[in-house]
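Undergrad: coords please:
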Amino acid sequence: QVQLVESGGGLVQAGGSLRLACAASGGTFNNYAMGWFRQAPGKEREFVARIKWSAYSTYYADSVKGRFAISRDNAKNTVYLQMNSLKPEDTAVYYCASGRFLRGLGTQGNEYDYWGQGTQVTVSS
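TA: Numbers count the residues shown, from 1 in each chain. I've put the predicted structure just below:
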């Protein structure tokens, strides 16, 4: 059973930066693809970014491309989401997820097996 714990959320002004972290335990971390999703109040959960076991394979939602960067440290069993140039519309609860075998690009929630509890990111204007 893989357990995921997110951290690093908070309140930031528009244009600012935050770095989220997701620490994994209970599995062989470097065998898993990792993804970040977010859910804003009243909206459906949406894909943000994902990284495969090889840190060279990343994929981003168009809305965050060029502003966010996903990375992983397999030695620390941790995946990161560096968020720059934050906008009020980035406000959401951010979740990390892990999946052993992604059936597609890794943009759909049902491709992942385990989820964290989420961390709140609030961007003020």
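Undergrad: only C-alpha atoms for contact and neighbour calcs from this point on.
TA: Will do.
Undergrad: residues contacting the most centrally placed residue in the chain?
TA: Geometric centre of the chain, nearest residue: Trp36, 2.1 Å, by Cα atoms, centre = their mean. Trp36 makes contact with 47-50, 81, 94-97 under the criterion Cα atoms under 8 Å, 6 or more residues apart in numbering.
Undergrad: Out of the residues you listed, who's the most crowded?
TA: Highest neighbour count within the contacts of Trp36: Cys96, with 30 neighbours (other Cα atoms under 10 Å).
Undergrad: Surely that residue is in contact with Gln39, unless I've mixed up the numbering?
TA: No: checked against Cα atoms under 8 Å, the pair Cys96 and Gln39 is beyond contact range at 11.5 Å.
Undergrad: one step back: restricted to strands, list the contacts of Trp36.
TA: 47-50, 81, 94-97 (DSSP state E).
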